[in-house]
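K.L.:
Just the structure for this:
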Amino acid sequence: MSVLDILYRDDHFVAINKPSGLLVHRSAIDRRETRFALQLVRDQIGQKVYPVHRLDKPTSGVLLFALSPEMARAVSTQFAEQGVYKRYLAVVRGFAPDNGAIDHPLKEELDKMTDSRARQDKPPQPALTHFRCLARVELPVRVERYPQTRYSLVEAIPKTGRKHQIRRHMKHIAHPVIGDAKHGKGVHNRFFQTQYHCHRLLLACVEMRFQHPLSADEVRLSAHPGEDFIRLCEGFGWGKYLSGGTPP
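P.N.:
Numbers count the residues shown, from 1 in each chain. Take a look at the predicted model:
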């Protein structure tokens, strides 16, 4: 992990494919961590970088940094105004519907250590995620009460940017993401750990599009979901679904 996969770089931005398990920056949530994407990218390119959005520690995929405070503010505004397109892949429990829109407000998740001064009485915020089921598999294995177990590969397009939005929305429709320790189901997470040696959250940001603040051109970034994610999907016969895709 010492050398990160750089997806894009110009005089104003750099984007990487963040591995699962890597924090974006130092956080009181995990004081034992000593490696962070921000410092690794800075050391790798020899230049100070500025984060413009957030990607959960267990989530892999496209992570964008600006190379100046001005560019960071410009793109952060696009994120805040829902002007950035993001596409995720997720492996979820059960046979997910063919497609749909999860329009379900989410109450802000506050961390006891880092959000102690935040308002505790904020109402739920609007949250919208479009999704499409790309593939399904049924395994002849009893994980819960049925003799077979079902899983789906889902493409998710969040239209808003709430904390853990995709993970919480998939749980809301009873199809939690595999490997999600907080919002998923432990029995399925353990099954993937023991059966497939998969110890990560199976959620990856595989595509991002934003408007370059200077040229106004659309910048398209894409990333593979990780070797372990790819290996698992190929084992399920889902390899052909790991690239491409169009907005719903």
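K.L.:
how far away is the residue nearest to Leu67 when sequence neighbours are not counted from Val62?
P.N.:
Residue nearest to Leu67 in three dimensions, not counting chain neighbours: His12, with 5.5 Å by Cβ to Cβ, 6 or more residues apart in numbering. Just so you know, the C-beta spots here come from the backbone N, C-alpha and C atoms, and that holds for glycine as well. Going from His12 to Val62 by Cβ to Cβ, to the nearest Å gives 17 Å.
K.L.:
ok, the spatially closest residue to Ala37 that is not a sequence neighbour - how many residues close by?
P.N.:
Residue nearest to Ala37 in three dimensions, not counting chain neighbours: Val24, with 5.0 Å by Cβ to Cβ, 6+ apart. The tally of other residues near Val24 (other Cβ atoms under 10 Å) stands at 18.
K.L.:
Quick check: Val24 vs Ala181, distance?
P.N.:
Counting by Cβ to Cβ, the gap from Val24 to Ala181 is 18 Å.
K.L.:
same thing with Phe191?
P.N.:
For Phe191, the distance to Ala181 - Cβ to Cβ - is 14 Å.
K.L.:
mind listing the strands for the chain?
P.N.:
Assigned by DSSP state E, the strands in the chain fall at 5-9, 13-18, 50-51, 60-66, 85-93, 99-103, 128-139, 149-158, 203-211, 218-222.
K.L.:
can you list contacts of the first one?
P.N.:
Pointing back at strand 5-9 there. Around strand 5-9, the neighbours that count as contacts under Cβ atoms under 8 Å, 6 or more residues apart in numbering are 14-17, 44-45, 62, 219, 221-223.
K.L.:
Can you tell me which of those are buried?
P.N.:
Among the contacts of strand 5-9, those classed as buried by 16 or more other Cβ atoms under 10 Å are 14-17, 45, 62, 219, 221-223.
K.L.:
Need the max-distance pair from those residues.
P.N.:
Based on Cβ to Cβ, the longest span within the buried ones among the contacts of strand 5-9 runs between Ile45 and Ser222 and measures 19.9 Å.
K.L.:
higher neighbour count, Phe191 and Ala181?
P.N.:
Between Phe191 and Ala181, Phe191 has the larger neighbour count (other Cβ under 10 Å), namely 20 against 9.
K.L.:
quick one, what contacts the closest residue to the more buried one other than its chain neighbours?
P.N.:
Excluding the flanking residues, the one nearest Phe191 by Cβ to Cβ, 6+ apart is Val143, at 5.0 Å. Contacts for Val143 (Cβ under 8 Å, 6+ apart) come out as 149, 187-188, 191.
K.L.:
what does Met208 give?
P.N.:
15, 62, 64, 84-87, 220-222.
K.L.:
repeat that for 7 Å
P.N.:
By Cβ atoms under 7 Å, 6 or more residues apart in numbering, the contact list for Met208 reads 62, 64, 84-86, 221.
K.L.:
And for His104?
P.N.:
Here His104 is in contact with 127, 169, 172 (Cβ under 7 Å, 6+ apart).
K.L.:
Let me see the contact set for Arg150.
P.N.:
94-95, 136, 138.
K.L.:
possible to save the residues you listed as JSON lines with neighbour count and pLDDT?
P.N.:
Output for those, formatted as JSON lines (neighbours: other Cβ atoms under 10 Å; pLDDT from 0 to 100):
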{"residue": "Gly94", "neighbour count": "16", "pLDDT": "97"}
{"residue": "Phe95", "neighbour count": "14", "pLDDT": "98"}
{"residue": "Arg136", "neighbour count": "15", "pLDDT": "98"}
{"residue": "Glu138", "neighbour count": "11", "pLDDT": "97"}
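K.L.:
Between these, which sits nearest Phe229?
P.N.:
Closest to Phe229, out of all of these and judged by Cβ to Cβ, is Arg136, at 16.8 Å.
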